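Colleague: when you get a sec, could you give me coordinates for this:
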Amino acid sequence: MGVVIVRDTRLVQTAVIGDEHSDVPVVLPTEAIELDFFRRAHAHDTFWYGLLVSGCGAQLAHKLYVDRQCSLSSRACSGARARLSGS
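Modeller: Numbers count the residues shown, from 1 in each chain. Prediction:
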């Protein structure tokens, strides 16, 4: 039987905390149950597609999904696939 390769369709899994110039990385959990804990732990943080990690500098929002991997996204960066996720 052949190997099935599932394409990773996440936009952003890695971000920085604080502002677009931050060097404080954070990795978003991929599972919905882990995202609830992550949200509580980072209730007062903002997430950014950081300039120091070749991002567009836009603020990101976490997206909760139960049928696929959770991700961070921004309409401002929607034209460019996030390099941090390997896409």
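Colleague: quick check: beta-bridge partners of V16?
Modeller: P25, W48 (DSSP bridges).
Colleague: list the residues that contact it.
Modeller: Residues counted as contacts of V16 (C-beta atoms under 8 Å, 6 or more residues apart in numbering) are 22-26, 47-50, 52-53, 55. From N, CA and C alone the C-beta is placed, and that goes for glycine too.
Colleague: want to throw those into a markdown table with neighbour count, distance to A15 and pLDDT?
Modeller: Converted to a markdown table, the contacts of V16 look like this (neighbours: other C-beta atoms under 10 Å; distance: C-beta to C-beta, whole Å; pLDDT from 0 to 100):
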| residue | neighbour count | distance to A15 | pLDDT |
| --- | --- | --- | --- |
| S22 | 18 | 9 | 95 |
| D23 | 11 | 12 | 93 |
| V24 | 13 | 10 | 93 |
| P25 | 13 | 7 | 90 |
| V26 | 18 | 6 | 88 |
| F47 | 22 | 4 | 89 |
| W48 | 26 | 6 | 90 |
| Y49 | 27 | 6 | 86 |
| G50 | 25 | 7 | 89 |
| L52 | 14 | 11 | 87 |
| V53 | 16 | 8 | 79 |
| G55 | 22 | 8 | 83 |
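Colleague: could the residues you listed go into JSON lines alongside distance to L35?
Modeller: Listed next are the contacts of V16 as JSON lines, based on distance: C-beta to C-beta, whole Å:
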{"residue": "S22", "distance to L35": "21"}
{"residue": "D23", "distance to L35": "24"}
{"residue": "V24", "distance to L35": "19"}
{"residue": "P25", "distance to L35": "17"}
{"residue": "V26", "distance to L35": "12"}
{"residue": "F47", "distance to L35": "12"}
{"residue": "W48", "distance to L35": "18"}
{"residue": "Y49", "distance to L35": "18"}
{"residue": "G50", "distance to L35": "20"}
{"residue": "L52", "distance to L35": "25"}
{"residue": "V53", "distance to L35": "21"}
{"residue": "G55", "distance to L35": "20"}
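Colleague: what's the closest of these to L72?
Modeller: Proximity of those to L72 was ranked by C-beta to C-beta; the top entry is F47 with 5.9 Å.
Colleague: and which of the contacts of V16 is nearest D67?
Modeller: The shortest approach to D67 among the contacts of V16 belongs to F47, at 22.3 Å (C-beta to C-beta).
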